[in-house]
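Chemist: coords please:
(chains A and B)
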2 protein chains.
Amino acid sequence: TQAHTNTHTLCSTSCSSPCYTLGFLQKNNSLGEEGRLSGALSERQKNLFTCENSDRDVRFRRTETDFSNMFRKLLFSSCWNLWTSLPTISGRRLTVPPRSLTSTIRTSYWRAWRASTSSYLTSLSPLNKSSWTAGTRSSTAFTYEIAPVFVLMEQLTLKKMREMIGWPSGEGDGIFSPGGAISNMYSVMIARYKYFPDVKTKGMSAAPRLVLFTSEHSHYSIKKAGAALGFGSENVVLLSTDERGRVIPSDLEAKILDVKQKGYHPLFVNATAGSTVYGAFDPINEIADICEKYNMWLHVDGAWGGGLLMSRKHRHKFSGVERANSVTWNPHKMMGVPLQCSAILVREKGILSGCNSMCAGYLFQPDKQYDVSFDTGDKAIQCGRHVDIFKFWLMWKAKGTIGFEQHIDRCLDLSQYLYEKIRNREGYEMVFQGVPQHTNVCFWYIPPSLRGMDPNSQEYREKLHKVAPKIKALMMESGTTMVGYQPQGQKVNFFRMVISNPAALQSDIDFLIDEIERLGHGL
Amino acid sequence: TQAHTNTHTLCSTSCSSPCYTLGFLQKNNSLGEEGRLSGALSERQKNLFTCENSDRDVRFRRTETDFSNMFRKLLFSSCWNLWTSLPTISGRRLTVPPRSLTSTIRTSYWRAWRASTSSYLTSLSPLNKSSWTAGTRSSTAFTYEIAPVFVLMEQLTLKKMREMIGWPSGEGDGIFSPGGAISNMYSVMIARYKYFPDVKTKGMSAAPRLVLFTSEHSHYSIKKAGAALGFGSENVVLLSTDERGRVIPSDLEAKILDVKQKGYHPLFVNATAGSTVYGAFDPINEIADICEKYNMWLHVDGAWGGGLLMSRKHRHKFSGVERANSVTWNPHKMMGVPLQCSAILVREKGILSGCNSMCAGYLFQPDKQYDVSFDTGDKAIQCGRHVDIFKFWLMWKAKGTIGFEQHIDRCLDLSQYLYEKIRNREGYEMVFQGVPQHTNVCFWYIPPSLRGMDPNSQEYREKLHKVAPKIKALMMESGTTMVGYQPQGQKVNFFRMVISNPAALQSDIDFLIDEIERLGHGL
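Modeler: Here you go, the predicted model:
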């Protein structure tokens, strides 16, 4: 039984959800994996991954048997399990009993299709009935009756993600949104609703001048949200970072005090977990201390870095994330889920609905024949939503948490290979020193004609600024590969290599460097 | 040549874009169609669909030959044509010449994949390479270099849609968004930016108290936008409607005057073209008169009704839409494009970018080797965007404008069949009188036990209120069909049948009525 227990505890930060925790691990259930995994855990990691309650272990084992023996060879057993386990989740019986496994899988799709001849405005065309996957492209995650399986998949997967964050029992709120920018926008909206709920009905005049804080290296969506939601982009204060692109906590505190002195209200801090350019992780624990001190909302933008929560080797970079009020996590980035798949996860239950619901009677009828808390539409700023969950759910079932971990670790290993290859190589200079925190490797390639020049001279800077755009243009003309570049602050254009495809090989990295040198040598 | 000219002019409100106007019509190019189409046009419709400039006709004919003879049997000729016609669109040569038709089609996908090992955070997994369609699910409509074909498809399709609206030469702005609610939100943001641009940087305190107007029958997303964007839902004034659910223009004017008297600023009117419940079309021309008088932004929410712009028989319901400042149109509703596919179309060019751009240097480098006006990412509130255009583009190529017209007309015919069937049938009562404007047919089914009761009595109303929910629950238990219901204002729960699937048959309608009577007869 010890082996069993280890297996369960690896991907769950809490043990309250036996009926599906196991499902996520099923794929990598071999003893060999277990042995490896029960090995090198630090004490802190053990706390994160271990069930303290032995009583729960018993439930786990029983559930495992129930779950894994039923249809374990069927890809879609998850749907069936979801369905049959629903009464234990909702405490109520279903009004729509499925007739068979197949019908269960097809239920969401079938409903959407029948509905297309009846009362739902989103349509399905005969063109799209060619495969069952089409169902996920045409259904809408909106009410339980229209997309019962997908609504449940969302609820359970969001809970699972909250468990990975470390919120007790995976409790809280959340929704899948059309991308990280919208998820970040949600976080700002919810923060405002939490502290100034009257803004929902009365507008921004019901609050003092509110200020948001985010790193100068953070994603521009925080600023966009500030502009869109009526704060004004000038009320988004940018925080200074250290040489690795991480927020300097003392700068945050100084800027909060400055804002308070002006009579404004510091509302919200965004800590970036995996910045776009440097891949930097802001120090969440230090930022959380400051947020607690000044009673502010802490959001963690893990759109890019979120995948590292899946890796025992790298998740320490998220240390303190369980103290956040909300987290953005995009499985469509590092984890390889096809666009779009982004989640906004919130620690406080019910607040999304409080913030966004308008209770339109024609859409959300309270007198339905099932538990209408499964109707998720009203907590979104959208109405119908594309079903983004199914592909993620299937990938998680197919790869397991351990499969995702291997994916993440592999990408980080590859980026470290690139880093090691170029950090002392002639003609390269790193933009920041040390092993990158994420897979972002930032560097200049210096053509022979520039080597030996005074690196502080204006002429050198101007010439170097043009190197990366020129090499990229030559790459596009050759059609062999493409790598992005950008300036950052005072730093002239540099290459930023990012690896999110675990199928890439070291030879691909070698090829990239060869191409840079082939195309850039004569510049 | 007369036949040719007729063919071209049918689906274009302007003739400035010969290189692709024809493509949209190609499918239905037969003489028979031409004959039918050149027939029954009213004078007004002729104006909408006719090229006045005979010089242009010559260009049309030449272009048609070029276009249709090249790869007319290839489904994907559109991509090739787009690509080769690009120099005439952008006035510049491409930096990335495609090597063959196949490579052209695959270019966007290939780039995204190569990019997944280089510098773009959105990932592609090997799991998803099984088909070319996967490319559209994993690419991102963001910059031209990442998704060149899709970016061009978006631009041309948006232009085409603006032509259907009737804006001169299809000029203007627009973007595909993740649904009608977000499109409507865009319209409010742009209106605010147009009249109070400082709100972008300084927040809502830079403007007076702003008020939005929308019908009491309109979609709740206008109210959600008001709450989210900092106006406050109380500053969304609901307009009274007539018995068919259409805004009463005099009520709008009275409420504008009331708001002005209070010292607030009337900013924005939403006219619904195809309301959710009644399928009502607000009188756009009368509302436009009032908007012009008071210098307000006019938005038309055609999320549900937009498809009717494709139908010469029904587009008169949109009369005046060319006077709108912005229009929401969801091809994923009435037109059968799989979810998600929604467009916000704007009459003023460049305003989307002005409203939303943050010019993040690390994402949108001005020193690229191509015309960066093709990088659409910064005018969105999203960052990466799901590619929603490809399926719509393919459907339009496959069906043609005339195919969409037939689709729309067929659905409206079916709903009229339902209307005619039940309007005098025993046991039915229509919620509003007259042929529905859209496919929404709203009715009560009155079980025999309620017939003959005083329809104004409280007992009757209470009993009738429960009939639709009960029948729907029985339908869900039977698993045969499903039809939605809702109350509206003082009206107790009624059924709302909507038809958007042109493959439905009259026998499906008959079946629905049979089911209602079978399940409801004994209530």
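Chemist: where does the residue of chain A found nearest chain B sit: helix, strand or coil?
Modeler: Here chain A gets closest to chain B at one residue, A:G230, 2.3 Å apart by C-beta to the nearest C-beta. C-beta: built from backbone N, CA, C; applies to glycine. With DSSP: H, G, I helix; E, B strand; the rest coil as the basis, A:G230 sits in coil.
Chemist: need the contact list for the closest residue to it other than its chain neighbours.
Modeler: Once flanking residues are discounted, A:G230 sits nearest to B:G230: 2.3 Å by C-beta to C-beta, 6 or more residues apart in numbering or on different chains. Counting by C-beta atoms under 8 Å, 6 or more residues apart in numbering or on different chains, B:G230 makes contact with A:V199, A:G203, A:M204, A:L229, A:G230, A:F231, B:G203, B:M204.
Chemist: for those, pick the one with the most neighbours.
Modeler: Neighbour tally across those (other C-beta atoms under 10 Å in any protein chain shown): the maximum, 30 neighbours, falls on A:G230.
Chemist: phi and psi next, for that one.
Modeler: phi 100, psi 10 (degrees, to the nearest 10).
Chemist: and the pLDDT at it?
Modeler: Here the pLDDT value assigned to A:G230 is 97.
Chemist: go on, the one 10 residues further on?
Modeler: We have a pLDDT of 97 for A:S240.
Chemist: for it, give its distance to A:D258.
Modeler: Note on A:S240: its distance to A:D258, by C-beta to C-beta, to the nearest Å, is 13 Å.
Chemist: so what does A:Y278 look like in phi/psi?
Modeler: phi -90, psi -10.
Chemist: so it makes contact with A:R244?
Modeler: Yes: under the criterion of C-beta atoms under 8 Å, A:Y278 makes contact with A:R244 at 6.5 Å.
Chemist: what is in contact with these two at once?
Modeler: What both A:Y278 and A:R244 touch, as defined by C-beta under 8 Å, 6+ apart, is the set A:F432, A:Q437.
Chemist: what about those two, which has more around it?
Modeler: A:Y278 (25 against 17).
Chemist: the nearest residue to that one once chain neighbours are set aside - how many residues pack around it?
Modeler: Nearest residue to A:Y278, sequence neighbours excluded (C-beta to C-beta, 6+ apart): A:G245, at 3.5 Å. Number of residues near A:G245 (other C-beta under 10 Å) recorded here: 27.
Chemist: output the longest helix belonging to chain A.
Modeler: helix A:389-422 (DSSP state H).
Chemist: now for that helix, which elements pack on it?
Modeler: Other elements packing on helix A:389-422 under the criterion 3 or more C-beta pairs under 8 Å, 6 or more residues apart in numbering or on different chains; DSSP states H and E are helix A:18-25, helix A:133-138, helix A:148-165, strand A:428-430, strand A:441-445, helix A:506-520.
Chemist: can you redo these as a markdown table with mean neighbour count?
Modeler: Converted to a markdown table, the helices and strands packed on helix A:389-422 look like this (neighbours: other C-beta atoms under 10 Å in any protein chain shown):
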| stretch | mean neighbour count |
| --- | --- |
| helix A:18-25 | 23 |
| helix A:133-138 | 22 |
| helix A:148-165 | 24 |
| strand A:428-430 | 16 |
| strand A:441-445 | 23 |
| helix A:506-520 | 17 |
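Chemist: may I see the buried residues of stretch A:460-469?
Modeler: By neighbour count on 16 or more other C-beta atoms under 10 Å in any protein chain shown, the buried set for stretch A:460-469 is A:Y460, A:K463, A:L464, A:H465, A:V467, A:A468, A:P469.
Chemist: state the pLDDT value of A:D388.
Modeler: For A:D388, the model assigns a pLDDT of 83.
Chemist: surely it meets A:G179?
Modeler: No: using C-beta under 8 Å, A:D388 is not in contact with A:G179; the gap is 9.7 Å.
Chemist: mutual contacts of these two, please.
Modeler: A:Q340, A:S342.
Chemist: how about the strands in chain A?
Modeler: A:173-177, A:210-215, A:236-239, A:265-272, A:297-302, A:326-329, A:342-346, A:428-430, A:441-445, A:484-488, A:491-497 (DSSP state E).
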